[in-house]
Structures are given as C-alpha cells and as structure tokens.
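Peer 1: Could you work out the structure for the sequence below:
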Amino acid sequence: MEHTSYDPSLSTGDIIRAPGKIVLAGEYAILDGAPAVVLAINRGVQCTIEKGSGISVPNGDTRFVEHALPFAENHHLNFQDWNPIEDFAEHQKPGFGGSAAACTIATHIMGQPLEDTIGIHNQVQGSGSGIDVKASILGGMFIWNPLLQETHVVASIHPVVIWTGTSARTGPRVQQYLSYQNRNWFVQNSIRFTDLFLEDPIRGTKALYNNLEMMSKEANLHYTTQAIREIVRLADQHGGAAKPSGAGGGDCMVAFFHSEEEQIQFIETIQQHPIYQVIDYAISEGVHVVKKTQ
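Peer 2: Model (predicted):
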C-alpha cells in the first residue's frame with residue numbers, strides 16, 4: 001500500500017534542508033558491514049514548498065524524490081543545492097551525496113519513517129552503503145555499524161576538505177570492489193584502522209589510505225590519481241595526513257594536522273595551486289525545516 005499522507009505542519013514558503021556528507025573512515029569496507037565514520041556538512045540539498053504542483057530538480061532526474069509526488073499534487077516542490085560551491089563547472093560535483101539528501105527530504109515531506117530512505121535510495125541507485133542517507137538524517141559526526149544497525153555519536157573534528165579538481169563516479173568503483181573476492185583482509189584492516197582513526201586521526205588516516213591503496217591495486221580499482229597522491233604528499237610534508245573522502249578517483253579529500261599552524265600552512269599551499277580548492281563548511285544538523293516566518 002502506497003504512503004499518501006504527509007507532514008501536516010508543512011506549508012507554502014517552508015524550506016526543508018538536508019546536509020551532505022564527508023566520509024572520514026571506513027569507505028568500501030562498510031559495504032561488507034564494517035563501521036564507518038561520517039560527518040554531515042552544511043552543503044547539501046534544500047526544497048522550497050511553492051504554490052502550484054509538481055517537482056523540479058536541477059538535473060531533471062526526479063527518481064530519488066518521486067515518493068513525494070502525492071504532496072506535489074497540491075504544492076510545487078523546488079529542489080536545489082543548499083549552499084553550493086561557487087566557481088564549480090556545471091558538470092562537476094564534489095561528491096557530498098546530493099541524491100541521498102534529496103531523497104531524505106522527500107521522505108520527511110511524506111511523513112514516512114526517515115529510515116525508509118535507505119531502502120528507497122538504494123532501490124533507485126542500485127547500490128550503496130546508506131551512510132550518506134544516515135548523515136542526511138542524523139547530522140553531526142558519528143560512527144555507524146551497518147551490520148549491528150548501531151550508531152554512536154563521536155567527538156566532532158574539523159578536517160580540511162580539498163577539492164581535487166575532478167568529479168568521480170562512485171557506482172562503477174563500488175561494483176569493481178564487490179567483484180573482488182579476496183577482500184576479507186581489507187575489511188579487517190579497515191575495522192582496526194577506523195578505531196585507530198578515532199584515537200589518532202593522523203595515524204588512522206595514513207593507515208586507512210594505505211589500506212585502500214593496497215586493496216584498489218589488488219581489485220584493479222581506479223582509486224588514486226595524480227592529484228590525490230600530490231595532496232597526500234603535501235599533507236605529509238606539513239606534518240599531517242590526507243586521504244580521499246569516499247570512493248576515490250577524484251571528488252574531495254580530507255586532511256588532518258597536529259597543530260593549527262601546520263593546517264594554515266597546508267591551506268596556503270593548496271590555495272596557491274591552480275586547480276585544488278579548499279572547501280569551507282560547517283557541521284550540520286540532520287534534515288530540518290526552515291519555516292517561512294524565519
């Protein structure tokens with residue numbers, strides 16, 4: 001039976017926002033049930049409820065939000081990027097999980113249990129761990145164990161986020177990983193190194209990156225690029241550590257440092273590069289409504 005009710009508190013002029021995500025630890029291994037650490041940020045998706053009817057999205061692909069169609073019979077749902085990054089080419093995307101954020105908003109509008117979003121999103125996308133959906137729902141920074149279905153809030157940290165200059169497609173890399181049969185060693189290492197990351201972000205980041213790099217070579221998965229290797233090297237030169245956030249191949253990276261001085265020097269180095277870009281952000285709460293009176 002289709003769900004045709006919706007949140008009765010919503011009205012014309014309201015804005016619903018859902019954060020994007022940065023995965024800090026546990027990429028790929030989460031697909032095999034290993035824990036991962038994620039940070040929700042204020043660069044995601046928002047939907048304005050307008051007069052009229054129908055749904056509009058920037059790229060025209062409404063598949064992730066079509067479960068909100070019953071509400072859209074009497075309201076126009078205008079989905080847009082929330083706090084988009086300026087100076088990005090139209091075809092480029094940072095990999096913050098926009099489809100998951102939009103899907104979460106649609107679920108919220110319909111008054112459905114937000115956890116339903118994981119199944120809805122996965123059905124449309126065809127694959128994925130669901131951690132981007134969890135970030136959009138919960139906000140903040142947390143570790144999620146999908147095997148035990150447990151979520152634990154952890155102390156928030158603020159990595160430097162760096163755009164590599166190239167977008168990457170996650171789906172083909174996920175399929176390549178899942179076709180690699182000998183990945184138990186990688187998963188067990190990821191579990192240990194994710195725990196290490198929570199104790200020591202720099203040592204943990206280095207261990208996680210090396211583990212991901214070894215797995216990608218064995219699985220014939222395109223993970224590192226020249227840009228990724230260079231940013232890792234620059235972070236190391238400044239006393240810190242860096243790794244891709246997510247599936248690799250491009251998109252964004254995260255970097256951690258022992259001191260504010262090291263971090264500032266690293267940022268200055270990145271800012272001098274003609275392509276790489278430091279992305280400002282703030283930690284965000286989960287999906288929420290901004291009322292029209294505010």
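
Peer 1: Let me see the contact set for residue 248.
Peer 2: 27, 168, 173, 212, 216, 221-225, 228 (C-beta atoms under 8 Å, 6 or more residues apart in numbering). Backbone N, C-alpha and C define where each C-beta goes, glycine included.

Peer 1: secondary structure element for the spatially closest residue to residue 235 that is not a sequence neighbour?
Peer 2: Excluding the flanking residues, the one nearest residue 235 by C-beta to C-beta, 6 or more residues apart in numbering is residue 242, at 3.6 Å. Assigned by DSSP states H and E, residue 242 belongs to strand 241-244.

Peer 1: Sheet-wise, list the partners of that strand with their directions.
Peer 2: If you go by DSSP bridges, strand 241-244 pairs up with strand 252-256 (antiparallel).

Peer 1: so after the partner strand, what's the next helix or strand?
Peer 2: Going down the chain from strand 252-256, the next helix or strand is helix 260-271, by DSSP H and E.

Peer 1: So which bits of that next one are buried?
Peer 2: Buried residues in helix 260-271, counted by 16 or more other C-beta atoms under 10 Å: 262-263, 265-267, 270.

Peer 1: For it, which outside residues touch it?
Peer 2: 160, 162, 231, 234-235, 238-240, 255, 257, 276-278.

Peer 1: Now do the strand holding residue 242: distance to the chain's middle.
Peer 2: Put simply, strand 241-244 sits 15 Å off its chain's centre (C-alpha atoms, centre = their mean, to the nearest Å).

Peer 1: Would you tell me which helix is longest in this structure?
Peer 2: helix 201-218 (DSSP state H).

Peer 1: can you give me the helices for the stretch 101-250 of the chain?
Peer 2: 116-125, 131-138, 170-178, 184-199, 201-218, 226-237 (DSSP state H, counting those that start in this stretch).

Peer 1: what about residue 70, distance to residue 47?
Peer 2: 15 Å (C-beta to C-beta, to the nearest Å).

Peer 1: Okay, now the unreliable bits of this structure?
Peer 2: The chain contains residues with pLDDT under 70 at 1-5, 88-92, 292-294.

Peer 1: and the angle for the longest strand along it with helix 131-138?
Peer 2: Counting by DSSP state E, the longest strand found in the chain is strand 36-50. Relative orientation of strand 36-50 versus helix 131-138 (axes from the mean of the first three to the mean of the last three C-alpha atoms, to 10 degrees): 60 degrees.

Peer 1: ok now strand 36-50, how far from the chain's centre?
Peer 2: The chain centre lies 9 Å from the centre of strand 36-50; the measure is C-alpha atoms, centre = their mean.

Peer 1: which helices and strands does that strand pack with?
Peer 2: Under the contact criterion of 3 or more C-beta pairs under 8 Å, 6 or more residues apart in numbering; DSSP states H and E, strand 36-50 touches strand 15-25, strand 76-82, helix 98-109, helix 131-138, strand 141-145, helix 184-199.

Peer 1: Identify the residues contacting the second one?
Peer 2: Spelled out, it's strand 76-82. Against strand 76-82 from outside (C-beta under 8 Å, 6+ apart): 17-19, 42-58, 65, 68, 71, 98, 101-102, 105-106, 109.

Peer 1: Quick one: buried ones out of those?
Peer 2: Buried among the contacts of strand 76-82 by 16+ other C-beta under 10 Å: 17-19, 42-49, 55-57, 65, 68, 71, 98, 101-102, 105-106, 109.
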